[in-house]
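Trainee: quick check, what structure comes out for this input:
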Amino acid sequence: MSHIPPLDPIVAARKGFREVQETVRRFWSDVTVGSHSDGGWAVLLDGRTPKTPAKAPLVLPTEAAARLVADEWAAQGEIVEPSTMPATRLASTAIDRIGQAREAVADEIAAYAGSDVVCYLAEHPTPLVERQQHAWGPWRDWAAREMGVVLAPVSGIVHQPQSPEAVARVKAHALSLDDFRLTGLATAVPLFGSAVLALALEQGALEGGAAFDLSRIDELFQEEQWGVDAEAAERTAARRAEAELLERWFSALI
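Mentor: Sure, this is the predicted structure:
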């Protein structure tokens, strides 16, 4: 199975958000949302719209999405903690980065379909193989039925190319999304190692926590055999929280 690096625009935006925001002190008391003069819904801090790292106004396409971001600003203490503001980071990425790199981002998303985790079944042990087949097969079927993305399962970890038609369908769907949904999809795909699971989440067919669990069946199997340490559990909890946030993100954009 080939290694695919994280999506560059997403990584760059996260780094930029941390650098710009990490020393900011809370300067507001009231957090609301309101319609913006150019369309969409703005986050308002004491009636003024905050800016993204690239100095664009923090305006989102729906009221629900703006409230999701506004809640993060309202929850801040004396010092702004970017790590507690994932929806704000997604919004800033969509506004500052994605519009400039849609083709490249869609290519990277499609590349994950070519080496999707739900297509790579273990050769052994048998209980793990059976668990993978039972859990992943229905979602490959879903992708074929609902998205026209037909992917073939493979035994072992050696990369086997998928059909160009399937990969092209994933790219076309990614390009059909607005910048905000595309940002969410581009974040979900590397989190799961799977275009199929990310698409199911984006389409509302799968919950964030469930998608995350499906993406780490191998890890869960190993944990059952050997246990899990506190540090690994903490990392897993953080990744699960990101998956659950992405579910709320997609729901808020409807």
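
Trainee: can you give me the strands for this structure?
Mentor: 31-35, 41-45, 59-60, 120-121, 154-155 (DSSP state E).

Trainee: with distance to residue 93 and mean neighbour count added, can I get those strands in JSON lines?
Mentor: Quick note: C-beta positions are derived from backbone N, CA and C, even for glycine. JSON lines is the format used below for the strands of the chain (distance: least, C-beta to C-beta, whole Å; neighbours: other C-beta atoms under 10 Å):
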{"stretch": "strand 31-35", "distance to residue 93": "19", "mean neighbour count": "16"}
{"stretch": "strand 41-45", "distance to residue 93": "15", "mean neighbour count": "22"}
{"stretch": "strand 59-60", "distance to residue 93": "12", "mean neighbour count": "24"}
{"stretch": "strand 120-121", "distance to residue 93": "29", "mean neighbour count": "20"}
{"stretch": "strand 154-155", "distance to residue 93": "32", "mean neighbour count": "14"}
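
Trainee: any chance of these in CSV, plus mean pLDDT and distance to residue 242?
Mentor: Converted to CSV, the strands of the chain look like this (pLDDT from 0 to 100; distance: least, C-beta to C-beta, whole Å):
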stretch, mean pLDDT, distance to residue 242
strand 31-35, 97, 23
strand 41-45, 98, 21
strand 59-60, 98, 19
strand 120-121, 95, 22
strand 154-155, 92, 27
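
Trainee: just send the ones you listed back as TSV, with distance to residue 51 too.
Mentor: Conversion of those to TSV gives the following (distance: least, C-beta to C-beta, whole Å):
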stretch	distance to residue 51
strand 31-35	15
strand 41-45	10
strand 59-60	10
strand 120-121	43
strand 154-155	46
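
Trainee: pull the contacting residues for residue 183.
Mentor: 10, 90, 93-94, 98 (C-beta atoms under 8 Å, 6 or more residues apart in numbering).

Trainee: of all these, which comes closest to residue 148?
Mentor: residue 98 (24.0 Å; C-beta to C-beta).

Trainee: sketch out the low-pLDDT regions of the stretch 1-150 of the chain for me.
Mentor: 1-22 (pLDDT under 70).

Trainee: can you give me the helices in it?
Mentor: Taking DSSP state H, counting those that start in this stretch as the test, the helices found in the stretch 1-150 of the chain are 8-21, 63-74, 86-96, 102-113, 126-147.

Trainee: export the contacts of residue 183 to TSV and tack on distance to residue 141 and neighbour count?
Mentor: Converted to TSV, the contacts of residue 183 look like this (distance: C-beta to C-beta, whole Å; neighbours: other C-beta atoms under 10 Å):
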residue	distance to residue 141	neighbour count
10	29	22
90	30	28
93	32	28
94	31	25
98	30	24
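
Trainee: thinking again about what came up before, so which of the helices of the stretch 1-150 of the chain comes closest to residue 241?
Mentor: Among the helices of the stretch 1-150 of the chain, helix 86-96 comes nearest to residue 241, with 8.0 Å by C-beta to C-beta.
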